[in-house]
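Colleague: Based on what follows, work out the 3D shape:
(2 chains)
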Protein chains: 2
Amino acid sequence: MHALSSEDYKPLEDKLGYTFKDKNLLEQALTHKSYATEKGVKSYETLEFLGDALINLFVVDILISEFTQAKEGELAPMKAFFVSEDFLSSLAQDLQLERYLLVSGKKGKFKINTSILGDVFEALWGAIYMDTGKDLNFTKHLFENLYKDKVVSMARSQDYKRDYKTILQEITQKKWKERPVYRIVSVSGPQHSRTFEVECSVKNFRAVAVGSSKKEAEQLSAKRLLEMLQEL
Amino acid sequence: MHALSSEDYKPLEDKLGYTFKDKNLLEQALTHKSYATEKGVKSYETLEFLGDALINLFVVDILISEFTQAKEGELAPMKAFFVSEDFLSSLAQDLQLERYLLVSGKKGKFKINTSILGDVFEALWGAIYMDTGKDLNFTKHLFENLYKDKVVSMARSQDYKRDYKTILQEITQKKWKERPVYRIVSVSGPQHSRTFEVECSVKNFRAVAVGSSKKEAEQLSAKRLLEMLQEL
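Modeller: Residues are numbered from 1 along each chain as shown, chains lettered A, B, ... in the order given. Model (predicted):
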């Protein structure tokens, strides 16, 4: 019994440039524990644990290879950014992982936030590694094909040091002499784990993003708007 | 100009089951920044940064493969132990890495502690990986050949949850109805980075170890004495 058919995963597999031999592994990587508990199946938890270690290594390897003269003191903050929930959840959003995520049926109760998206992204890489029969070299090359250029160019431009709101504002001020406006669309979830949905808009452009804080949601909406502007 | 000749590294390479193609990489892995600064050469810093990520992944992979039913909540503390300074410095001591370490000529000022030994062990794995032309699969297999059994058996016996002083005392009480005695042999280094040398003894057995705290030095001396008793 599968929640989705093999065909449903095709767009995701195309984006990854990788076709899973074992779709169960892919499905597990996309199974949140709320769904796993309900259905009595495995969640993505251990794949996430594995994926976290894989991505950590792949990022370190990319940084070491590219910044051969950098000291550990410069490499460590770069690494911290590229393995952060923020960055990994943005990669998850690029893959539209939220479309495939299996969460509890009690939808009203459940809000997909950046933390979950970052976790699912890690789990996905754990699943790819397992699916290759634990071929580390292959998995690393796949990761590099997809993300090396992005990581290196962000690291070189030192984008990782700055915040998206600042960058966006710099651009919109220059382009239109206008500043983006942020608006909270919704706040949901229990007191101790709120989810904020924020809309960022400027001129005719609008982007919406969710986060576990207002600040985080603002940053992500700014990031999305930036991406829209960069595609112009 | 090398501090050691290629031949000097042979015993270490034999223990590893790996012969370096590029001895400069091996030498860099063994070069403390105190020596690097003095001689104007590269220290092990970035190799350590890389090795840390490698070992983290190798340990996670071993634990996931062996404890297939364990949840992330059980795996995380195991991992924490096996990537700890304590554990990695004990592996460094097994390889007698302190013999090869290149440190500042001002010997009196310098004391090799567990933190440095753990770092050098990480750097060694960073160097092996680089020396293989970044063959992750090969490097992982080499690591597993050397340490998988040890990690798995320690994890299974839950040794990682307990402290060596407690275990040693349990054994000596049972064996001889005696408790080990701990004695501080020396304290050195500046106020903010003391090095403690502690001797642990019971019956005719004695073991000495250093640590960055009294507690740490005691634990390591207990661990060494345990190893001596286990070899009886």
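Colleague: going forward, measure contacts and count neighbours with C-alpha atoms only.
Modeller: OK.
Colleague: And the residue lying closest to residue A:44 once chain neighbours are set aside, what's its pLDDT?
Modeller: Distance criterion Cα to Cα, 6 or more residues apart in numbering or on different chains; nearest residue to residue A:44, sequence neighbours excluded, is residue A:29 at 4.6 Å. pLDDT recorded at residue A:29 is 97.
Colleague: Quick one: name the residues of chain A near chain B.
Modeller: Taking Cα under 8 Å from any Cα of the partner chain as the criterion, chain A approaches chain B at residues A:45-46, A:49-50, A:53-54, A:56-57, A:60-61, A:64, A:71-72, A:135-137.
Colleague: which two of those residues lie the greatest distance from each other?
Modeller: Farthest pair in the residues of chain A next to chain B (Cα to Cα) is A:45 and A:71. Separation: 33.6 Å.
Colleague: Centre of chain A to the edge, which residue is at the far end?
Modeller: In chain A, the residue that sits farthest from the middle, by Cα atoms, centre = their mean, is residue A:177; the gap is 31.2 Å.
Colleague: how close does that one get to residue A:227?
Modeller: Counting by Cα to Cα, to the nearest Å, the gap from residue A:177 to residue A:227 is 19 Å.
Colleague: Would you mind giving the domain segments of chain A?
Modeller: According to automatic domain parsing, chain A comprises the domains A:6-156, A:167-231.
Colleague: how far is the first one from where the chain is centred?
Modeller: Okay, so that is domain A:6-156. Put simply, domain A:6-156 sits 7 Å off its chain's centre (Cα atoms, centre = their mean, to the nearest Å).
Colleague: What residues sit buried inside whichever helix or strand residue A:168 is part of?
Modeller: Taking DSSP states H and E as the criterion, residue A:168 maps to helix A:164-176. Judged by neighbour count (16 or more other Cα atoms under 10 Å in any protein chain shown), helix A:164-176 contains these buried residues: A:164-165, A:168-169, A:171-172.
Colleague: With distance to residue A:40 and pLDDT added, can I get those residues in JSON lines?
Modeller: Output for those, formatted as JSON lines (distance: Cα to Cα, whole Å; pLDDT from 0 to 100):
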{"residue": "A:164", "distance to residue A:40": "40", "pLDDT": "81"}
{"residue": "A:165", "distance to residue A:40": "42", "pLDDT": "83"}
{"residue": "A:168", "distance to residue A:40": "45", "pLDDT": "84"}
{"residue": "A:169", "distance to residue A:40": "47", "pLDDT": "81"}
{"residue": "A:171", "distance to residue A:40": "49", "pLDDT": "78"}
{"residue": "A:172", "distance to residue A:40": "49", "pLDDT": "85"}
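Colleague: for chain A, where's the lowest mean pLDDT among helices and strands?
Modeller: Ranked by mean pLDDT, DSSP states H and E, the helix or strand of chain A with the weakest confidence is helix A:164-176, at a mean of 80.
Colleague: Which other helices and strands does that one contact?
Modeller: helix A:214-230 (3 or more Cα pairs under 8 Å, 6 or more residues apart in numbering or on different chains; DSSP states H and E).
Colleague: could you check the angle helix A:164-176 makes with the helix it packs on?
Modeller: The directions of helix A:214-230 and helix A:164-176 differ by 40 degrees, with axes from the mean of the first three to the mean of the last three Cα atoms, to 10 degrees as the criterion.
Colleague: got the CA coordinates for helix A:214-230 in PDB?
Modeller: Provided in PDB are the C-alpha atoms of helix A:214-230 (Å, rounded to 0.1, in the frame of the first residue of the first chain):
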ATOM      1  CA  LYS A 214       8.200  36.200  12.100                       C
ATOM      2  CA  LYS A 215      11.800  37.000  11.400                       C
ATOM      3  CA  GLU A 216      12.400  33.700   9.700                       C
ATOM      4  CA  ALA A 217       9.200  33.900   7.600                       C
ATOM      5  CA  GLU A 218      10.200  37.400   6.500                       C
ATOM      6  CA  GLN A 219      13.700  36.300   5.500                       C
ATOM      7  CA  LEU A 220      12.300  33.400   3.500                       C
ATOM      8  CA  SER A 221       9.700  35.600   1.800                       C
ATOM      9  CA  ALA A 222      12.400  38.100   0.900                       C
ATOM     10  CA  LYS A 223      14.600  35.300  -0.400                       C
ATOM     11  CA  ARG A 224      11.700  34.100  -2.700                       C
ATOM     12  CA  LEU A 225      11.100  37.500  -3.900                       C
ATOM     13  CA  LEU A 226      14.800  37.900  -4.700                       C
ATOM     14  CA  GLU A 227      14.700  34.800  -6.700                       C
ATOM     15  CA  MET A 228      11.700  36.100  -8.700                       C
ATOM     16  CA  LEU A 229      13.500  39.300  -9.400                       C
ATOM     17  CA  GLN A 230      16.600  37.500 -10.500                       C
END
